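Student: Below are the sequence and a predicted model; questions follow.
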Amino acid sequence: MTPRITLAVAARVLTQLHRDRRTLAMLLVLPCLILTLLWWMFEGEEAAEAAGFDRLGPALLALIPFVVMFLVTSVTTLRERSSGTLERLLAMPTGKGDFLSGYALAFGLVAAVQSAVAVALSVTVLDLDVAGPDWMLVVVAVADAVLGTALGLFVSAFARTEFQAVQFMPAVVVPQILLCGLFLPREAMPRVLEVVSDLLPLSYAVDAMKAVSTTTGSALGGVAGEVWSDLLVVLAFALAALVLGAATLRRRTA
Amino acid sequence: MMKNAVVEVDDLVVRRGRVLAVDSLSFTTARGQVTGLLGPSGCGKSTLMRAVVGVQVVTSGSVRVLGVPAGDPLLRDRVGYVTQAPSVYDDLTVEENLRFFARVLGVDRREARRCVEAVDLAAASDQVVGRLSGGQRSRVSLAVALLGRPELLVLDEPTVGLDPVLRRDLWAMFHDLADAGTAVIVSSHVMDEAERCDRLLLMRAGRLLAEDTPDALLEHTRTHDVEAAFLALVDGAGAAA
């Protein structure tokens, strides 16, 4: 890997995004709209608000960057594969690591901004109750975004068209949403599904978010130690997906 | 092996699925020459070029470039390659594309500007590539291949759809590059481009029909243009079989 090339890839991805104003606006505004919608659903009754927005809000803050970055990355890298630019880059001195980390860096940065805006709105205007420090929510959200980016890069290898790439979202993402503890506490699910949910990265992402918002602790950042261990699991999954993704980048093709 | 050889292809076979795209083909090219790879569309030109650049899985035989196997990491900044479909970013401007690839190759902005000027796109340099015409777009792709003055340039149909004046200018540029010591391989399915080359490789159905200078080819086949020579060779091969 060469830092010069990694940074060049990241800067280029950001320039492309900068040009696509509509996507950029949607990336920043949509999460806020969704959170506002969720808040509105439970507005009015004190008890419902505590049970609803305070419980589901943090989970949504974990979900949104994951889903959005998964979609954005799988489509952009597919485009890169089919336009021949990936082949050109790999015929140049670009390392596979440069390509993958360039993308992860760029989208991680976008996710940081996206989450900062969403968290700011949630804790100020929408009055979300957060026990731990607010900025830790952003840290967890960035890790989730990197996970989404890594998985998106990996699955783009198995899609030939953008239609197929988008279909990976219900295949890869929706089961994780169902099993992550958002709808039903994970320990209340049938034993088999509970074990499955233990093996899915999004479960840890949502757990980390929940822990930040409901508990405090003496670990780094004033949160419970389990937040960092959950984060570590999320990042390990992201790294594994990036390594698998690297294996799908071929310099030579048939 | 030929001294000064840039590309040495020896008994190359490439099978793509059920199709024998390249069938035991051998040739060499030298520094300072423009080699034309001519043949009808679908004859295996692109596959052969991909093998030379090292992005094609080959079935057997060997391809060496500048003394090392094609695709070797040592070659990554010494070979420029232009595919038929322009491999550039449609949502970036001409200049942004060039600057990005220049950073990847580790060359400076001046070099990026030089390449934009070399393909006559300076006036369009701040336009988004997606809004350019097809010919302009393929010139952006060509400009990227020129970055860093590679020793070997492999160009897959770079002049398709271009206006005759521009086509003439590009061929002049290929010869300038060759005079400066670059080995240039240009493919085309238009036979009348053959006379602009120093050497010709005529290809049909994965095999090499002839490898010669344009003049020697015409003399040898007793014809007056490359199209006729091509037909004579195909008929001759048919008669011999």
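Tutor: On my side now, so go ahead. Residues are numbered from 1 along each chain as shown, chains lettered A, B, ... in the order given.
Student: How about the residues of chain B by chain A?
Tutor: Residues of chain B found near chain A, taking CB under 8 Å from any CB of the partner chain as the criterion, are B:16-17, B:53-57, B:71, B:73, B:76-77, B:79, B:81, B:83, B:85-92, B:96, B:100-101, B:103-106, B:128, B:144. All C-beta spots, glycine's among them, are computed from the backbone N, C-alpha and C.
Student: Select only the buried ones of these in PyMOL?
Tutor: Here is the PyMOL command that picks out the buried ones among those, judged by 16 or more other CB atoms under 10 Å in any protein chain shown:
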select buried, chain B and resi 53+54+55+56+71+76+77+79+81+83+86+87+88+89+90+91+92+96+100+101+103+104+105+106+128+144
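Student: Which ones among the residues of chain B next to chain A map onto strands?
Tutor: Of the positions in the residues of chain B next to chain A, B:Arg16, B:Val79, B:Tyr81 sit in strands, assigned by DSSP state E.
Student: pretty sure the second one contacts B:Arg50?
Tutor: What that stands for is B:Val79. No - using CB atoms under 8 Å, B:Val79 is not in contact with B:Arg50; the gap is 11.9 Å.
Student: Specify the beta-bridge partners of the residue nearest the centre of chain B.
Tutor: In chain B, the centroid-proximal residue (CA atoms, centre = their mean) is B:Leu155; its distance is 2.7 Å. Applying DSSP bridges to B:Leu155 gives these bridge partners: B:Val82, B:Val186.
Student: ok, now which ones touch it?
Tutor: Taking CB atoms under 8 Å, 6 or more residues apart in numbering or on different chains, we find B:Leu155 in contact with B:Tyr81, B:Val82, B:Leu142, B:Ala145, B:Phe174, B:Val184, B:Ile185, B:Val186, B:Ser187.
Student: And the furthest pair within these?
Tutor: Maximum pairwise distance in these, criterion CB to CB, is 14.5 Å, between B:Tyr81 and B:Phe174.
Student: just the helices in the chain please.
Tutor: Unless you meant another one, I'm taking chain A. Using DSSP state H, the helices of chain A run over A:3-19, A:21-41, A:46-51, A:53-83, A:85-91, A:96-124, A:134-155, A:162-168, A:174-179, A:191-198, A:201-214, A:225-248.
Student: try chain B instead
Tutor: B:45-53, B:94-105, B:109-118, B:134-146, B:164-179, B:214-221, B:226-240.
Student: contacts for the fourth one?
Tutor: Which is helix B:134-146. If you take CB under 8 Å, 6+ apart as the criterion, helix B:134-146 is touched by A:88, B:80-83, B:86-88, B:94, B:97-98, B:101, B:115-116, B:118-121, B:124, B:129, B:132, B:153, B:155, B:158, B:160-163, B:166, B:170.
Student: what comes up buried for stretch A:114-123?
Tutor: Residues of stretch A:114-123 classed as buried by neighbour count (16+ other CB under 10 Å): A:Gln114, A:Ser115, A:Ala116, A:Val117, A:Ala118, A:Val119, A:Leu121, A:Ser122, A:Val123.
Student: export the helices of chain A to CSV and tack on distance to chain B?
Tutor: Shown next, in CSV, are these (distance: least, CB to the nearest CB, whole Å):
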stretch, distance to chain B
helix A:3-19, 4
helix A:21-41, 10
helix A:46-51, 43
helix A:53-83, 6
helix A:85-91, 4
helix A:96-124, 8
helix A:134-155, 17
helix A:162-168, 14
helix A:174-179, 29
helix A:191-198, 38
helix A:201-214, 30
helix A:225-248, 15
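Student: Tabulate the ones you listed (JSON lines), appending mean pLDDT.
Tutor: Output for the helices of chain A, formatted as JSON lines (pLDDT from 0 to 100):
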{"stretch": "helix A:3-19", "mean pLDDT": "94"}
{"stretch": "helix A:21-41", "mean pLDDT": "91"}
{"stretch": "helix A:46-51", "mean pLDDT": "66"}
{"stretch": "helix A:53-83", "mean pLDDT": "89"}
{"stretch": "helix A:85-91", "mean pLDDT": "91"}
{"stretch": "helix A:96-124", "mean pLDDT": "91"}
{"stretch": "helix A:134-155", "mean pLDDT": "90"}
{"stretch": "helix A:162-168", "mean pLDDT": "87"}
{"stretch": "helix A:174-179", "mean pLDDT": "93"}
{"stretch": "helix A:191-198", "mean pLDDT": "94"}
{"stretch": "helix A:201-214", "mean pLDDT": "91"}
{"stretch": "helix A:225-248", "mean pLDDT": "91"}
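Student: between these, which one is nearest to B:Val7?
Tutor: Nearest to B:Val7, of all those, is helix A:85-91, at 15.2 Å by CB to CB.
Student: residue contacts, residue 21?
Tutor: Answering for chain A, as no chain was given. A:Arg21 makes no contacts at all, as judged by CB under 8 Å, 6+ apart.
Student: Sorry, I should have been clearer: chain B.
Tutor: Counting by CB under 8 Å, 6+ apart, B:Ala21 makes contact with B:Val14, B:Arg15, B:Gly44, B:Thr47, B:Gly206.
Student: ok, and the closest non-adjacent residue to the fourth one?
Tutor: Leaving aside its chain neighbours, B:Thr47 sits nearest to B:Ala21 (4.1 Å; criterion: CB to CB, 6 or more residues apart in numbering or on different chains).
Student: separation between the one you found and chain A?
Tutor: The spacing between B:Ala21 and chain A, counted by CB to the nearest CB, to the nearest Å, is 10 Å.
Student: Could you give the residue of the stretch 101-250 of chain A that lies closest to chain B?
Tutor: Of all residues in the stretch 101-250 of chain A, the one sitting closest to chain B is A:Arg250 (8.7 Å; CB to the nearest CB).
Student: Share the number of residues neighbouring that residue, please.
Tutor: Other residues lying near A:Arg250 total 15 when counted by other CB atoms under 10 Å in any protein chain shown.
Student: And for B:Gly135?
Tutor: The local packing of B:Gly135 (other CB under 10 Å) involves 15 other residues.
Student: so what pLDDT did it get?
Tutor: You'll see B:Gly135 listed with a pLDDT of 85.
Student: Equivalent analysis for the one 10 residues further on, please.
Tutor: Per-residue pLDDT puts B:Ala145 at 95.
Student: Now do the contacts for B:Asp77.
Tutor: Counting by CB under 8 Å, 6+ apart, B:Asp77 touches A:Met92, A:Pro93, B:Leu105, B:Gly106, B:Gly148, B:Pro150.
Student: Leaving out sequence neighbours, find the closest residue to the third one.
Tutor: Right, the one you point to is B:Leu105. In this structure, B:Leu105 finds its nearest non-sequential neighbour in B:Gly148, 4.9 Å apart by CB to CB, 6+ apart.
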